[in-house]
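Asker: next come a sequence and a model predicted from it.
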Amino acid sequence: MAAGCITTCTLSPHSPSSVTHTPSSVIIKSFNLKFQQNEKTATHGRYRASLIMNPESFEVGRLIGSYGFMNVTSYDTSPQLQDVGGLKFQDVREGDVQIRLYEGRVAQGPRKGTPIIFKVYPGKQIGGLEADMMASNELKSHAFLQSCSQSISKNIQILLGGFETKTGEQWLAFRNDGKYSAADYAKASSEKLSKNRAFGEQKSWNPFEEESNIKRKRFFIIKLLQGVLSGLAYMHDNERLHQSLGPSSVVLNTMVDKDAAYLVPRLRDLAFSVDIRFSSLEENAYGLSEGLWRRARSSGAYTTMEKRAFGIADDIYGAGLLFATLAFIPFCEAGIVDSLSLQRLLETTFKLDLAATREYCLADDRFLDAVKFLDSGDGAGWELLQMMLNPDFRNRPIAEAVLKHRFFAAALL
């Protein structure tokens, strides 16, 4: 059984900061990577050994920003919402655990000079037990996924190591493959559209320029969605759920539409990831996954097989909401719609009836380009969105099936 230590350390006040540690006898926490005995000879042990757990191996740079995880805080169980499959509409709010992000680099060893992004979880005094559980779960989930096969998915963020400070903060070090998120892209694209349209009559003399811009934007979004779904398919194939999928949980190496050929989207934020191997499903009914299994039971999923199917379908639902976000916000001017208001429109106003949603949007010129995008292939986008947001979890497609849907080819014609 492999186990890794998060070592006590302090940060110097300089920038970039070097990370130093107290004697190895002072170790606050150990993350237990519970690999099976028969996995010791596989790639699991080799990758685990390559994780950098010595804080002296890192240098910390400037603060990039902070954010909170989005949590489902309540469920509407009113009788009129007891649809086929027991759909429950969610009240989504930002959680209490605030994450800080820092730039940095590997300071020594074979990976010396590798740029990294530090993800910092608060200590117990500030973040409570939940923060520790989230940090531990994220480390274990990445370590497991990065050791599942010889070929690691290019669409999942790469963990390089981590450590713990004297104050109990958990610092996870990820390879810096991009500082942008899908949320950043959607916002920037919407703001650029507003700026261009604000010029009105001062548009370029080239009548084909706007059409070319829309085609480039479509290609970028299709490439983004394909990367997200490929990463999700890899997770599901290796018995892991994401459970926090949204625009902010997708890292991008570029936000420029014309650079779409070089775009590599990567999934991050695996703090709520769930192990759905049958042995784990029988043991882990509480903790960070408690809300998921409560919703599973209320939807009629009681057996281990049903719970596993519900979990996968729940991820697909999250991917469907992400699809809707990327199908609307980049094609609308700034302030017209955001992710949460779009979710309420789909779930509360139209009860996930995508045909009715289309008729509503078609009557509003502000949504015209988004409607045209989803209309590709004789309505293939609306068809796929309806499948992914199907009220009955049993009828939602798996990630591989979504990737093969005709919409991805039709939208580029």
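Answerer: Thanks, I have the structure now.
Asker: poorly predicted segments of the chain, please.
Answerer: Applying pLDDT under 70 to the chain flags the ranges 1-50, 69-96, 127, 200-207, 284-285.
Asker: repeat the analysis, applying 80 as the threshold.
Answerer: Applying pLDDT under 80 to the chain flags the ranges 1-50, 67-96, 124-128, 149-150, 199-208, 282-286.
Asker: contact partners for the residue nearest the centre of the chain?
Answerer: Nearest to the mean C-alpha position of the chain, counting by C-alpha atoms, centre = their mean, stands S249 at 3.0 Å. Residues counted as contacts of S249 (C-beta atoms under 8 Å, 6 or more residues apart in numbering) are 181, 242, 267-269. Where you see a C-beta, it was placed from the backbone N, CA and C, and this is true even at glycine.
Asker: most surrounded residue in those?
Answerer: Highest neighbour count within the contacts of S249: H242, with 26 neighbours (other C-beta atoms under 10 Å).
Asker: how far away is that one from L270?
Answerer: 7 Å (C-beta to C-beta, to the nearest Å).
Asker: what do you get for E56?
Answerer: Taken as C-beta to C-beta, the span from E56 to L270 is 26 Å.
Asker: next SSE downstream of the helix ranked longest in the chain?
Answerer: Counting residues, the longest helix found in the chain (DSSP state H) is helix 209-237. Helices and strands here follow DSSP states H and E; after helix 209-237, the next one along the chain is strand 240-241.
Asker: show me what that next one is in contact with.
Answerer: 141, 144-145, 235, 270, 273-276, 292, 311-312, 314-315.
Asker: tell me the one of those residues nearest D369?
Answerer: D315 (28.3 Å; C-beta to C-beta).
Asker: show me the contacts for that closest one.
Answerer: Per C-beta under 8 Å, 6+ apart, neighbours of D315: 232, 235-236, 241-243, 245, 399.
Asker: please name every helix or strand in contact with the host helix or strand of V251.
Answerer: Assigned by DSSP H and E, V251 falls within strand 250-252. Here strand 250-252 touches strand 180-181, helix 182-198, helix 209-237, strand 266-267, going by 3 or more C-beta pairs under 8 Å, 6 or more residues apart in numbering; DSSP states H and E.
Asker: pick the most deeply packed of the ones you listed.
Answerer: strand 266-267 (a mean of 23; mean count of other C-beta atoms under 10 Å).
Asker: show me what that one is packed against.
Answerer: helix 209-237, strand 250-252.
Asker: distance from the first one to the middle of the chain?
Answerer: It stands for helix 209-237. 14 Å (C-alpha atoms, centre = their mean, to the nearest Å).
Asker: same question for stretch 180-198.
Answerer: On C-alpha atoms, centre = their mean, the centre of stretch 180-198 falls 20 Å from that of its chain.
Asker: need the residues that contact that stretch.
Answerer: 203, 217, 220, 224, 228, 246-255, 257, 265, 322, 325-326, 329-336, 339.
Asker: of the residues you listed, buried ones?
Answerer: Buried members of these, counted by 16 or more other C-beta atoms under 10 Å: 217, 220, 224, 228, 246-252, 254-255, 257, 265, 322, 325-326, 329-334, 336, 339.
Asker: returning to what we had before: let's see which of the contacts of strand 240-241 end up in helices.
Answerer: 141, 144-145, 235, 292, 311-312, 314-315.
Asker: most surrounded residue in these?
Answerer: Highest count within those by other C-beta under 10 Å belongs to M235, 28 neighbours.
Asker: taking the contacts of strand 240-241 together, which two end up most distant?
Answerer: F144 and D314 (19.6 Å).
Asker: just the helices in the chain please.
Answerer: Going by DSSP H, the chain shows helices at 43-50, 124-145, 182-198, 209-237, 278-283, 290-298, 304-328, 339-344, 354-362, 368-388, 399-403, 407-410.
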